[in-house]
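S.K.: here is my input, please return the structure:
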Amino acid sequence: MHFWTSLLVWMALGVGFVSVVDGYGRVGHWMTGWLAQQCLTSEAIEYVRYLLPHHNGNLAKAALWADEIKHGHTYDWADRLHYINPPVPCTPIPANSCTQCVVGGIYNYTSRLLSPEYTREEKEEALKFLIHFIGDVHQPLHASGRNAGGTEVKVVFDGRVTSLHEVWDYMLFEKRIRKDFSSSVNTYATHLLTELATTWSPSLPSWARCSLPKTLLLHSSIPSSIPVCPEDWATHSALTACEVVWPPYDQHKDNSKWDLGREYYDNVIDEAELGVLQAGVRIAWIINAIVREVGEDQAGVGREVTAEEVVSWWSGAWSWVRSLVDQSDETDVEVTKIYSAKWR
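M.R.: Model prediction:
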């Protein structure tokens, strides 16, 4: 079913703009899941509801799960799957570079969702890991091995001592919401939809393409119709870390009065938002493609939706979505309450 129709169905059911009060805090992951939700076909919506009963089919909430489970030890083995340390800094991530990293994790859980050998419960876990790891790989410091992805680097952001990693995990987004959207998450979400329909619409087809050859062994079970290429995404993040994230720090690291909440924020917020937009759209495309691939026995199959259709769809949909948001009576979360947010 066409994206436009799927969004109409989704919003008519009253869950297009999910409540952000319950557990919201990891801004980047929540937003990627929310954006992905808006791009699902009607068949994919049913598939997600089937796999995520504990989240009522809500990708935004499910996207937070892989961080929430870190409080125990059951999933300690998954910690290494949230990031990749490039073999050679500031260079493209080679195929077959690792399996126990975010790149291998994305391939593994995509493969599980395509396989009939796994139970519904196992596929539920696979989907929750997959949508989270796609968010992770679009955060530049999850593809930078320097100083443990910036977690060891202390900086000041708007007068608060924190780590460079935390700045990119959530503090940039929190400031953006406070500064430009009156602390309204819904208004910010609508803005991102608008950006997809306008600023980024010419780029959408390229976001669905994979440029690197598929040589990782896990590829053997992933059809070419599935637009999954985490080496590409990790390469972009690694280069962004080297070209955008780190140079200003290297220039000012000896200045104790340097505050990243000023000029640094202004210079990098667009790049941070781009990662959220790309992650959200790619999550949706992959889920839609998986649903088409696995057949009616597993999901109920809709036809494949191309990247070109997405461009056309966004152009007509965003103004209607905005009017719905204006009518929404949901309560927004005060951004000052969500400082515990982390991507990693």
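S.K.: what's the next secondary structure element after the lowest-mean-pLDDT helix or strand in the chain?
M.R.: Sorting the helices and strands of the chain by mean pLDDT, DSSP states H and E puts helix 3-12 at the bottom, at a mean of 37. Next along the chain after helix 3-12, taking DSSP states H and E as the criterion, comes helix 27-38.
S.K.: what is that following helix packed up against?
M.R.: Here helix 27-38 touches helix 3-12, helix 59-62, helix 120-137, helix 172-181, helix 185-197, helix 263-294, going by 3 or more C-beta pairs under 8 Å, 6 or more residues apart in numbering; DSSP states H and E. (Glycine included, C-beta is placed from N, CA and C.)
S.K.: and the fifth one, what other elements does it pack with?
M.R.: Helices and strands touching helix 185-197, by 3+ C-beta pairs under 8 Å, 6+ apart, are helix 27-38, helix 172-181, helix 263-294, helix 307-327.
S.K.: what about it, average pLDDT?
M.R.: In this model, helix 185-197 has an average pLDDT of 89.
S.K.: could you find the closest non-adjacent residue to residue 200?
M.R.: Nearest non-adjacent residue to residue 200, counting by C-beta to C-beta, 6 or more residues apart in numbering: residue 277, 6.3 Å away.
S.K.: what residue ranges in the stretch 1-150 of the chain score low on pLDDT?
M.R.: Applying pLDDT under 70 to the stretch 1-150 of the chain flags the ranges 1-25, 96.
S.K.: again with the stretch 201-344 of the chain
M.R.: Filtered on pLDDT under 70, the stretch 201-344 of the chain yields the residue ranges 212-221, 296-344.
S.K.: nearest to residue 77, out of the helices and strands packed on helix 185-197?
M.R.: Minimum separation from residue 77 across these (C-beta to C-beta) falls at helix 27-38, 20.2 Å.
S.K.: could you point out the helix or strand that follows that closest one?
M.R.: From helix 27-38, the next helix or strand downstream (DSSP H and E) is helix 42-51.
S.K.: helix 263-294 and that next one, what's the angle between them?
M.R.: Per axes from the mean of the first three to the mean of the last three C-alpha atoms, to 10 degrees, the angle that helix 42-51 makes with helix 263-294 is 90 degrees.
S.K.: for stretch 164-174, the distance to its chain's centre please.
M.R.: With C-alpha atoms, centre = their mean, to the nearest Å as the basis, stretch 164-174 stands 14 Å off its chain's centre.
S.K.: what pLDDT, on average, does it get?
M.R.: For stretch 164-174, the mean confidence score works out to 96.
S.K.: the residue nearest to residue 238 when sequence neighbours are not counted: neighbour count?
M.R.: Closest residue in space to residue 238, ignoring its immediate chain neighbours: residue 143 at 4.2 Å, by C-beta to C-beta, 6+ apart. By other C-beta atoms under 10 Å, the residues close to residue 143 number 29.
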